[in-house]
Each structure stands twice: as C-alpha cells, then as structure tokens.
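**Q** Sequence first, predicted coordinates after that:
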Amino acid sequence: MSTIQGAKVIIVGGGLAGLSAAHTVVERGGRALVLDKKEFLGGNSVKATSGINGALTKTQIKLGIPDSAEKFEEDTVLSAHQGKPGPTNDLMRVLTHESGPSVEWLMGKFGLDLSLVSRLGGHSFPRTHRGRERFPGMTITYALMEKWEEIAKNEPARACVVTKATVNRLLRDSNGKVVGVEYTKDGAKFEEHGPVVLATGGFGADFAADSLLAKYRPDLLPLPTTNGDHCTGDGIKMTLAVGGATIDMSSVQVHPTGLVHPNEPDTKLKFLAAEALRGVGGLILDKNGKRFCNELGTRDYVTGEMWKGEGPFRLVLNSQGTKEIEWHCKHYVGRGLMKKFPNSTALAKEMNISLDNIKSTFDSYNKFAKEKNDPWGKKYFHNLPFDTNDELHVAIITPVVHYCMGGIQIDHDGRVVRDGGNDTINGLYAAGECAGGVHGKNRLGGSGLLGCVVYGRVAGRTASAQLLADLSDSTTAAANKRLGGVLGQLAPGNNVLISFYPESKKLAIEVNFDGAAAAPAAAPAVAAAPAAPAAPAAPKQLKEFSLEEVAKHKTEQDCWCIVNGQVLDVTSFLDKHPGGKQAILLFAGRDATVEFNLLHKPDVVEKYAPECIIGTLKK
C-alpha cells in the first residue's frame with residue numbers, strides 16, 4: 001500500500017510517545033510514518049488522569065514554587081530505589097532535566113493549558129501539571145494527534161499514519177542493522193524501510209499463560225488492570241527477537257487506587273482514580289473507617305499497606321478537596337464510580353460502621369496536621385479540616401496492575417541496547433512505557449506522560465540524525481536516491497545534482513532553481529496525489545427516537561446511547577473504543593451527554609465514528 005515514499009522514520013505506536021517522536025522528526029525536516037495496530041491513535045496515554053511532571057516551568061515560577069531539575073532528580077532516584085538511597089543514572093537525569101522544556105514544548109507548540117500544578121506522592125514540590133478541563137492524558141495526547149492529522153492532510157509527503165496495522169517483525173540488513181518493519185493490515189503483509197522507533201507501550205494487559213506478565217510477575221495475573229487490551233509487550237518481544245536487551249522486567253507497578261464500580265466489582269479492566277485526588281487531601285480508609293498509611297506515599301508503599309489491611313478501601317474527599325478537583329469528581333460520579341454523601345453519618349451507614357469511627361479518624365487527622373506529627377509520616381496536608389458534617393465524595397478503590405517500569409533497555413539517546421550491553425542496535429530506538437530503566441523499581445505519579453514526551457522527543461531527535469547519516473552513503477547512487485526525496489521537498493520542481501567524494505567524505509549538493517538542465521538526482525517516486533474527493537453523498541435521513549426506545553438497547557450485543565441529542569448505535573464500535581468498551585456500556589440505553597462532554601470535543605463522533613449516528617432524540 002502507498003504511504004510515504006523515500007527516506008523516513010517509522011514509528012510503531014500512536015500514543016503520546018510515538019506522536020512526540022513523530023512531531024520531533026518532522027520539526028527536524030524529516031518524514032515520519034506512524035503505524036498503530038488499533039483503530040484509533042492514543043494508546044494508554046489518553047487514560048492518564050493526574051498530569052505531567054515538569055521542574056522549573058513557567059507555571060511553577062509564576063506560582064512561586066522553588067523547584068529544580070536537581071530536586072526532581074533526587075525524588076525520582078529515591079522512588080526508583082523504593083524509598084532508599086541509591087545511585088542515579090543517565091536516563092533519570094535526562095527525564096528530569098528535560099522535564100521543564102518538554103512541558104513548555106507542549107504548551108507552546110500545541111497551545112495546551114497546563115496552568116494547574118499539584119503535589120503527588122513522593123514529590124518534594126508541586127510539579128504535576130494539568131489543565132482546568134478534561135483528563136490531562138487525553139487533552140495532551142489528542143492535541144498531538146489532531147496536529148499530526150492536520151500535518152498528514154496538508155503535507156502527505158512528510159507525515160502519514162496507518163491504523164489497524166500490526167507490526168510483526170523488525171527487518172535487518174546483513175550487518176544486523178534494523179532497516180524497517182513488516183506489518184499486516186487487512187490480511188495482507190507490507191514492508192516499510194527506515195530507522196524504527198518503538199513506542200508500543202508496556203505489557204500490563206498481557207494475561208495469557210505464555211505472556212511476559214506470566215513470565216516475570218505471575219503473582220499479578222489475578223489482579224485487575226488499567227491497561228487497554230493492546231498492551232501486550234509487542235515492541236519488547238520484537239526487540240528480543242533481534243538480540244536487544246531488556247531491563248527491570250519484574251518491576252511492574254501496582255497502583256493503589258483502581259476504581260471499583262459497585263455493580264461490577266469483578267471487571268478485569270478498571271478505571272484509575274487520579275493520584276491528584278490524594279494530592280488535594282483525599283484520605284484512604286479501611287473497612288472500619290480508619291487510616292492506615294501516608295496517603296502521599298509512593299504507589300508501591302500505599303499498595304503494600306493496603307495489602308496488609310482489610311478492605312474494602314475507600315478514598316474520601318471533603319468539600320474543599322472536591323472543589324479543587326471538581327472536574328474529576330463530576331466525571332467519576334457520572335460513571336457511577338464515586339458517590340456523593342451529604343455527611344459522614346450517611347457514609348457510616350453505607351459502610352455499616354459507627355459514626356464514631358469516622359469522627360475519631362477525622363479528629364485525629366486534623367490534630368496530626370496541626371501538630372505535624374502524623375504517625376504514618378505524612379508531611380503535607382491540604383484542604384483541612386475534615387468535618388463529619390461536611391459533604392463527602394467517596395470511591396471504593398482496589399490495587400490494579402498499572403505500569404511496567406521494565407522494558408527495552410535504551411541509552412540516554414533512546415538507542416536500543418544490544419543483549420550483553422556492549423553496544424546498541426543500529427537503526428532501532430524506543431520510547432515510552434516499552435522502554436525500561438527510566439524509572440527504576442517504582443515510577444512517580446506524573447512521570448508516565450513525562451517519559452513519553454521526553455523520550456519520544458529524544459528518540460525522534462536521534463532517529464532523525466540517523467536518517468541524515470543514512471543519506472550519506474558511500475556511493476553517489478545511494479546518496480542520490482535517498483537525498484533526492486528530502487531535497488525534493490526543499491526544492492520541488494527544480495533539478496538537483498548530488499556528488500559524493502568517498503576519499504574526502506564530502507557531499508556536494510547543487511540545486512538549480514531556474515529550471516536549467518542539470519544532471520538530475522535519482523529520486524524515489526513521490527507519493528501519488530490523493531484522489532479528488534468524491535461528490536458529497538446526499539445527507540442521510542435521520543429517524544427520531546424516544547428515550548424509551550433508546551432504553552431498550554442496553555446490552556453488549558445491542559448498545560445504543562444518546563450524545564448531544566444524537567442517537568448512536570455503538571454496538572460495532574465497542575471493541576474499537578480507545579477507552580475500552582466498558583466505558584460505553586456504563587451508559588448503554590441512556591443519555592451520556594454530560595459525561596461525554598467532560599471528556600471529548602463536540603465533533604468527535606462526526607469525525608471518528610459518523611457511522612454510529614442513526615437518529616436524533618425526539619423532543
């Protein structure tokens with residue numbers, strides 16, 4: 001099939017890491033092809049709920065937060081060694097010291113609002129950035145995705161994306177250099193050639209008997225997960241097949257606050273409660289209404305304390321904390337994952353415990369905060385006091401498989417390390433969750449999105465440099481063939497002469513802009529111009545449906561819902577939905593407008609799933 005002709009970087013995976021790499025390649029004058037095995041781009045990145053870390057950003061400076069890249073590195077190293085002192089490494093240094101510039105890149109290039117910051121567990125300062133609306137992972141990833149689609153539409157010779165494309169293996173030359181990929185789409189096999197950036201995510205949904213999770217952490221197989229079904233370690237497996245190294249594969253993060261739907265407590269896929277809910281002062285209570293940990297401890301610590309205790313466990317926010325993170329709470333309530341209580345009496349009744357249990361917990365917590373002597377070591381207290389007469393927002397939570405710290409071993413330039421660790425595999429790079437060693441044994445909240453952006457940009461830069469180096473081949477013919485594609489963009493319609501002198505390792509490029517006859521370079525065929533758009537089809541006559549009629553279609557085999565006055569038949573769309581089918585099934589037969597608009601732009605349905613629109617709601 002026709003994609004981009006000529007020299008290009010191939011990016012496998014269309015989440016935040018892959019899109020960051022793709023944009024970086026194009027920024028540097030190269031071409032980039034994004035391949036993704038799902039129907040839509042976004043990956044797990046769209047699910048991130050707390051934000052993206054950045055040290056010494058303009059937002060922090062404006063708010064008077066005295067953070068630094070060095071302090072962020074210290075926090076990262078401490079978390080990486082599970083709260084114990086230990087050495088840093090180049091990967092952690094790059095992650096933290098490029099965090100500020102990466103956040104500024106997102107705000108400057110894509111116009112993102114990242115004006116709010118919060119302090120998550122394990123952080124010395126508030127440095128986790130988010131905007132005022134929608135989940136930050138979705139907001140950030142969609143901004144890059146929409147911009148990529150725009151570039152691909154306006155400059156198809158430079159940017160392209162192919163979805164439903166499953167990459168099967170990496171292609172190598174006789175020297176072991178990775179020179180492309182083989183992928184399958186619609187039952188047919190295709191090849192693309194160029195440097196390869198793997199951004200395929202982790203293996204947190206790889207639950208098969210022979211899976212990576214079964215091999216390295218069989219104890220976690222019974223747990224639910226926050227990962228989409230695409231997270232099966234594809235990039236890691238392909239890297240192993242060409243002799244690449246892995247690192248920290250047993251380091252799989254179990255997040256303490258997966259949200260439990262009261263009507264479906266045993267579902268394997270869980271939504272995640274943003275760590276920012278604890279950052280604004282949320283408390284975690286056991287079945288008896290008692291605290292048992294420092295809520296702002298690292299994820300592995302909080303999870304460990306939960307496993308020592310007795311559930312069900314609840315995350316509790318007072319009215320002040322709810323107001324600070326109101327958008328999240330509205331969303332969780334709308335999904336049935338969080339419940340609002342008028343006071344602690346109502347909560348105690350639901351928990352089947354005495355109100356005195358909750359009052360004792362609140363009174364002790366307020367006292368600990370005032371005297372700064374919390375028995376579990378909590379140092380930072382927000383949105384006090386907790387009062388039994390105050391309105392509460394409460395969610396049942398459970399530990400969930402969330403993030404794989406282990407993965408493909410890379411160096412600080414994003415190059416994949418060869419098994420044995422002596423050198424790197426030429427032509428192969430990795431970024432995002434599929435790359436290991438960046439976070440050590442435990443990742444800090446807010447560093448998942450950050451790792452995608454930082455190492456997506458790093459891999460994009462390095463792969464772009466490799467692309468340019470490849471153009472300087474040892475023969476004039478090879479130079480003509482590869483440079484012709486690049487120069488065809490810079491000087492379209494003009495003659496280009498390329499001369500290479502092996503003895504001096506010099507390359508001479510002559511461009512004749514006046515159309516004079518020069519010995520033309522051998523350039524690859526330019527991608528065919530897109531066919532003229534077909535005449536628009538006559539508008540489909542939409543039927544009107546009543547609420548009662550929509551309510552009849554509420555099963556997985558027959559699923560309708562209402563969004564912004566349109567009736568949607570999403571039955572065939574369930575398995576394609578980037579957020580998983582359960583996110584839609586919660587609203588089967590109902591009006592999902594409020595919750596839909598909390599997450600999506602109004603044009604999403606018309607843009608990505610117009611075939612689902614079958615009618616309008618009868619007024």
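**A** Perfect, I can see it now. Numbers count the residues shown, from 1 in each chain.

**Q** Could you give the number of residues near residue 280?
**A** 20 (other C-beta atoms under 10 Å). C-beta: built from backbone N, CA, C; applies to glycine.

**Q** Hmm, residue 384 and it touching each other?
**A** No - with contact defined as C-beta atoms under 8 Å, residue 280 does not count as touching residue 384 (11.4 Å).

**Q** Can you give me every residue that contacts residue 45?
**A** Contact analysis of residue 45 by C-beta atoms under 8 Å, 6 or more residues apart in numbering lists 15-17, 137, 140-141, 449, 452.

**Q** swap the cut-off to 10 Å and go again
**A** Residues near residue 45 by C-beta atoms under 10 Å, 6 or more residues apart in numbering: 13-20, 136-138, 140-142, 144-145, 199, 201, 432-433, 448-449, 452-453, 578.

**Q** Need the phi and psi values for it.
**A** Main-chain torsions, residue 45, degrees, to the nearest 10: phi -60, psi -30.

**Q** Now that we're looking at the nearest residue to it once chain neighbours are set aside, what pLDDT does it have?
**A** Leaving out its chain neighbours, the residue that sits closest to residue 45 by C-beta to C-beta, 6 or more residues apart in numbering is residue 16, at 3.7 Å. Per-residue confidence (pLDDT) for residue 16: 98.

**Q** likewise the one 4 residues further on?
**A** Residue 20 carries a pLDDT value of 98.

**Q** do the one 3 residues further on as well
**A** At residue 23, the pLDDT value in this model is 98.

**Q** what's the neighbour count on it?
**A** 23.

**Q** host element of it?
**A** Using DSSP states H and E, residue 23 maps to helix 16-27.

**Q** if you average pLDDT over the helix or strand just after that helix, what comes out?
**A** Going down the chain from helix 16-27, the next helix or strand is strand 32-35, by DSSP H and E. Computed over strand 32-35, the mean pLDDT rounds to 98.

**Q** likewise stretch 406-424?
**A** 96.

**Q** Could you do stretch 332-339 as well?
**A** For stretch 332-339, the mean pLDDT works out to 93.

**Q** Show the end-to-end separation of that stretch, please.
**A** 8 Å (C-alpha to C-alpha, to the nearest Å).

**Q** So for stretch 341-361, what gets flagged as buried?
**A** 341, 344, 346-348, 351, 353, 355, 357-359, 361 (16 or more other C-beta atoms under 10 Å).

**Q** Work out the gap between it and the centre of the chain.
**A** Mean C-alpha position of stretch 341-361 versus that of the full chain (C-alpha atoms, centre = their mean, to the nearest Å) differs by 37 Å.

**Q** Likewise for stretch 141-158?
**A** A distance of 18 Å separates the centroid of the chain from that of stretch 141-158, by C-alpha atoms, centre = their mean.

**Q** Go ahead and list the helix or strand containing residue 239.
**A** With elements taken from DSSP H and E, the one containing residue 239 is helix 234-241.

**Q** any weak-confidence spans in this structure?
**A** Applying pLDDT under 70 to the chain picks out residues 1-2, 472-540.

**Q** which residues in the stretch 201-350 of the chain form strands?
**A** Taking DSSP state E, counting those that start in this stretch, the strands of the stretch 201-350 of the chain run over residues 246-247, 252-259, 271-272, 283-285, 313-317, 339-341.

**Q** Quick check: neighbours shared by residue 280 and residue 384?
**A** 318, 320-321.

**Q** Most neighbours among the residues you listed, which one is it?
**A** residue 321 (25 neighbours).

**Q** OK, contacts around that residue?
**A** Contact partners of residue 321, counting by C-beta under 10 Å, 6+ apart, are 276-283, 329, 382-384, 386, 392-393.

**Q** hmm, 6 Å instead?
**A** Contact partners of residue 321, counting by C-beta atoms under 6 Å, 6 or more residues apart in numbering, are 280-282, 383.

**Q** just these now: which is nearest residue 260?
**A** Nearest to residue 260 among the contacts of residue 321: residue 282, at 15.6 Å, using C-beta to C-beta.

**Q** Skipping its backbone neighbours, what lies nearest the closest one in space?
**A** Spatial nearest neighbour of residue 282, chain neighbours left out: residue 317 (4.8 Å); criterion: C-beta to C-beta, 6+ apart.

**Q** can you check residue 137 too?
**A** Leaving out its chain neighbours, residue 137 is closest to residue 48 (C-beta to C-beta, 6+ apart), at 2.7 Å.

**Q** Next, count neighbours for that neighbour.
**A** Neighbours of residue 48 under the rule other C-beta under 10 Å: 26.

**Q** Packing partners of the longest helix along the chain?
**A** For the chain, the longest helix by residue count, based on DSSP state H, is helix 447-471. Packing partners of helix 447-471 (3 or more C-beta pairs under 6 Å, 6 or more residues apart in numbering; DSSP states H and E): helix 16-27, strand 52-53, helix 99-110, strand 424-430.

**Q** what comes into contact with stretch 184-201?
**A** The contact list for stretch 184-201, computed with C-beta under 6 Å, 6+ apart, reads 1, 8-13, 17-18, 21, 43-44, 164-166, 168, 178-183, 231, 234-235, 427-434, 459, 463, 466-467.

**Q** Between the two ends of that stretch, how far is it?
**A** One end of stretch 184-201 to the other measures 19 Å (C-alpha to C-alpha).

**Q** now the strands for the stretch 351-500 of the chain?
**A** According to DSSP E, counting those that start in this stretch, the strands that the stretch 351-500 of the chain contains are 392-404, 407-409, 415-417, 424-430, 435-436, 495-501.

**Q** now those strands as JSON lines including mean neighbour count and distance to residue 97?
**A** As requested, those are exported to JSON lines (neighbours: other C-beta atoms under 10 Å; distance: least, C-beta to C-beta, whole Å):
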{"stretch": "strand 392-404", "mean neighbour count": "24", "distance to residue 97": "22"}
{"stretch": "strand 407-409", "mean neighbour count": "27", "distance to residue 97": "21"}
{"stretch": "strand 415-417", "mean neighbour count": "24", "distance to residue 97": "19"}
{"stretch": "strand 424-430", "mean neighbour count": "26", "distance to residue 97": "20"}
{"stretch": "strand 435-436", "mean neighbour count": "30", "distance to residue 97": "17"}
{"stretch": "strand 495-501", "mean neighbour count": "17", "distance to residue 97": "38"}
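
**Q** Same list, these, but as TSV with distance to residue 618 please.
**A** Formatted as TSV, the strands of the stretch 351-500 of the chain follow (distance: least, C-beta to C-beta, whole Å):
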stretch	distance to residue 618
strand 392-404	34
strand 407-409	52
strand 415-417	57
strand 424-430	52
strand 435-436	52
strand 495-501	63
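
**Q** out of the shared contacts of residue 280 and residue 384, which one sits closest to residue 404?
**A** Nearest to residue 404, judged by C-beta to C-beta, of the shared contacts of residue 280 and residue 384 is residue 321 at 30.5 Å.

**Q** what about that closest one, distance to residue 123?
**A** 18 Å (C-beta to C-beta, to the nearest Å).

**Q** same question, residue 25
**A** For residue 25, the distance to residue 123 equals 32 Å [C-beta to C-beta].

**Q** So which of the two has more stuff around it?
**A** Neighbour totals were compared for residue 25 and residue 123, and residue 25 leads with 29 against 26 (other C-beta under 10 Å).

**Q** Relative to residue 234, how far out is the more buried one?
**A** Using C-beta to C-beta, residue 25 is found at 21 Å from residue 234.

**Q** again, but for residue 619
**A** 48 Å.

**Q** Same drill for those two, tell me which one is more crowded.
**A** Neighbour totals were compared for residue 619 and residue 234, and residue 234 leads with 21 against 6 (other C-beta under 10 Å).

**Q** Not including adjacent chain positions, what is the nearest residue to that one?
**A** Nearest non-adjacent residue to residue 234, counting by C-beta to C-beta, 6+ apart: residue 200, 4.7 Å away.

**Q** Now do the one you found against residue 186, distance only.
**A** In terms of C-beta to C-beta, residue 200 sits 20 Å off from residue 186.

**Q** Residue 238 now?
**A** 21 Å.
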